[in-house]
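Peer 1: I need the structure of the sequence given here:
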Amino acid sequence: MKYEKIRKEVLEAIQLAVHQGLIHGTSGNIALRDDTDDVVAITPSGISYVGMTAEDIAIVDMDGKWLEGNYKPSSEVPMHLATMKARPDVKATVHTHSMFATIMAMGENPEIRPITPPQCEFTPINIVPFTMPGTNDVADKVVNALGENGRACLIKNHGMFTCGKNMKAAMYATEYTEEMAQTTYYAKLLGTYEPMPEEGDKKMKELIFADQAV
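Peer 2: Residues are numbered from 1 along each chain as shown. Here you go, the predicted structure:
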């Protein structure tokens, strides 16, 4: 099987996301760029992730052409590829329809801020207005929302999109962003919402990035 390593990584990540409740049914998609060849492994379209095999993971080139895989690639290929093209530091991308991230993108002025120190690594998290899925339009808006070094954004009435230097980093961004959304939701429901102060957020981010640079 060609590109076995990246196909297995994508398969393991999507199955972990299902296990964690970040992805349900056939929604959501995950992609990983090969370190040497200019190709990307991405989950297929409309296929249950339960029982999926590495051979089912699609391979596309950087123009989105389907090269390998038992099933056609996700319809969100444009969003994943646009992010990787705009950000040379990004090798992995994750898109989920996770519940709390979707909820926290609603309303007239949605905002999501860190509640605990580890969440600071993934802020600020910008909100993308609803745009039809699978289009170049939503891909462009996600790229703009992430900017030069963003790790996560929320898409109104759609879900979350995260990225990272490898699959582990992209999955961490997904897990902590959903945690941030969940803790925010319950804290606001209880009337005890108290995000970290902006200065604390800034200092934690500096510490986190200093450790990463070592």
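Peer 1: for the residue nearest the centre of the chain, helix, strand, or coil?
Peer 2: Centroid-nearest residue in the chain: residue 162, 2.5 Å away (criterion: C-alpha atoms, centre = their mean). Taking DSSP: H, G, I helix; E, B strand; the rest coil as the rule, one finds residue 162 in the strand state.
Peer 1: Name the nearest residue to it, ignoring sequence neighbours.
Peer 2: residue 173 (3.7 Å; C-beta to C-beta, 6 or more residues apart in numbering). Glycine gets a C-beta too; all of them are placed from N, C-alpha and C.
Peer 1: any idea which element the one you found lies in?
Peer 2: Element membership of residue 173, judged by DSSP states H and E, is helix 167-190.
Peer 1: wait, is residue 93 part of a strand?
Peer 2: Yes: assignment of residue 93 by three-state DSSP places it within a strand.
Peer 1: my guess is it contacts residue 162, does it?
Peer 2: Yes: with contact defined as C-beta atoms under 8 Å, residue 93 reaches residue 162; the gap is 7.1 Å.
Peer 1: overlap in contacts of those two?
Peer 2: Taking C-beta atoms under 8 Å, 6 or more residues apart in numbering as the contact rule, the neighbours common to residue 93 and residue 162 are residue 170.
Peer 1: re the thing from before, identify the bridge partners of the residue nearest to the centre of the chain.
Peer 2: residue 94, residue 152 (DSSP bridges).
Peer 1: what pLDDT does it get?
Peer 2: The model reports residue 162 with a pLDDT of 98.
Peer 1: how close does it get to residue 170?
Peer 2: As judged by C-beta to C-beta, to the nearest Å, residue 162 and residue 170 stand 6 Å apart.
Peer 1: what touches both of those two?
Peer 2: Joint contacts of residue 162 and residue 170 (C-beta under 8 Å, 6+ apart) are 93-94.
Peer 1: gap between residue 171 and residue 20?
Peer 2: Counting by C-beta to C-beta, the gap from residue 171 to residue 20 is 9 Å.
Peer 1: Then residue 114?
Peer 2: 20 Å.
Peer 1: Check residue 36 too.
Peer 2: 30 Å.
Peer 1: Likewise for residue 194?
Peer 2: Residue 194 is 26 Å from residue 20, by C-beta to C-beta.
Peer 1: Those two: which is more packed in?
Peer 2: Comparing residue 194 with residue 20 by other C-beta atoms under 10 Å, the one with more neighbours is residue 20, at 14 against 8.
Peer 1: and that one, what pLDDT?
Peer 2: 95.
Peer 1: again with residue 214
Peer 2: The model's pLDDT for residue 214 equals 32.
Peer 1: Check residue 24 too.
Peer 2: For residue 24, pLDDT reads 89.
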